[in-house]
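> Sequence and predicted structure, then a few things I'm wondering about:
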Amino acid sequence: MAKDRKKRKEIRRKLLHKYRLVILNESTFEEKISFKLNRLNVFVTGTLFIIVLIGVTTLIIAFTPLREYIPGYSSTRLKRQATELTYKTDSLVTVLNYTNRYLDNVRLVLRGDIENNQVNRDSLFEQYKLDPSTVDLTPIREDLLLREEVELEDKYNLFERNIENMGTLLFSPINGTLVQAFDAKTKHYAVDLVAPKDTPVKSIADGTVLFAEWTSETGYVIIIEHQEGLTSVYKHNGSLSKSQGDLVKAGEVIASIGNTGELTTGPHLHFELWRKGKPVDPQNYIDFN
């Protein structure tokens, strides 16, 4: 016990033993500043300094933009921007894929180059067949009134008719003479209609203009997308009345008969009709007589 007490006294003496720190002028040895210190003061002061330094560093990292310069830390704003850029990139990839498919379809229509050129005419009308024996055709009073009302409203309204309700009946693009029919064997996926130059060319149904430009082989070309997967193509026009992206109505003038392009032999309309990416005989859908 005496040894332990003596040892503690020795440690206390060393901790409290005072030292003097003097700063002198090197030339004159004049005393400028002096401090009285002991080991305990130095230890406490150093500890407090380290704690304050750690606290200040923590505050800087937590509440100032300087933390962005520390390896391993990233900015919330940068994370948000990175997320937004990721979404935009995904959207751009989707739009690019759609645009590429659109351009491929336009090239396919313009070249008339397909792999499967076998068109079964009967199969096109199979979905429209209806067995009368399975349907009660006796009209009721409400049905008759509705029919009269619709006929009255739609009597003089050509553009507002619903093409789907007319089955495969579409408007003829021009009043002309059919000089060459659809022939899949010779890859003539169209009908050629002769008419006087500048005769108005009309849309066969409501739709959206997919393409309206000049091509070297087929002159002024306009392509319109309709419902039910139908796409109509009008080539060798003298001029175009619509631009890409325009909405057109059935029977609306979209171009005029011309003699443009390297593959033309006179004023006529080269008319193609595509259904779900494959060419079909327009005469199966349109009465050109």
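Arrived safely.
> average model confidence for stretch 200-213?
Per-residue pLDDT over stretch 200-213 has a mean of 92.
> can you pull the buried residues of it?
Judged by neighbour count using 16 or more other C-beta atoms under 10 Å, the buried positions of stretch 200-213 are 201, 202, 203, 204, 205, 206, 207, 209, 210, 211, 212. All C-beta spots, glycine's among them, are computed from the backbone N, C-alpha and C.
> right, and the fourth one touches residue 174 too?
What it means is residue 204. No. Counting by C-beta atoms under 8 Å, residue 204 stays clear of residue 174, with 10.4 Å between them.
> Longest helix in the chain, please.
Secondary structure of the chain per DSSP state H: the longest helix is helix 76-111.
> Neighbours of residue 270, how many?
23 (other C-beta atoms under 10 Å).
> Give me the nearest residue to it, chain neighbours excluded.
By the measure of C-beta to C-beta, 6 or more residues apart in numbering, the closest residue to residue 270 outside its immediate chain neighbours is residue 235, 4.0 Å from it.
> Tell me where the model's unsure across the stretch 51-200 of the chain.
66-77, 110-140, 142-144, 146-169 (pLDDT under 70).
> how close does residue 270 get to residue 12?
Distance, residue 270 to residue 12, using C-beta to C-beta, to the nearest Å: 112 Å.
> and what of residue 188?
Distance from residue 188 to residue 12, by C-beta to C-beta: 114 Å.
> The two: which is more packed in?
Neighbours per residue, other C-beta under 10 Å: of residue 188 and residue 12, the larger number sits with residue 188, 16 against 11.
> residues contacting the more buried one?
180, 182 (C-beta atoms under 8 Å, 6 or more residues apart in numbering).
> beta partners for it?
Counting by DSSP bridges, residue 188 is bridged to residue 183.
> Quick check: it vs residue 221, distance?
16 Å.
> which strand is the longest one in this protein?
The strand that spans the most residues within the chain, counting by DSSP state E, is strand 230-240.
> buried ones in it?
Buried residues in strand 230-240 (16+ other C-beta under 10 Å): 230, 231, 232, 233, 234, 235, 236, 237, 238, 240.
> ok, for the fifth one, nearest residue in space, not its chain neighbours?
What it means is residue 234. residue 222 (5.0 Å).
> I'd like to know which elements the stretch of helix or strand the one you found belongs to is packed against.
Assigned by DSSP states H and E, residue 222 belongs to strand 219-225. Counting contacts by 3 or more C-beta pairs under 8 Å, 6 or more residues apart in numbering; DSSP states H and E, strand 219-225 packs against helix 76-111, strand 207-215, strand 230-240, strand 253-257.
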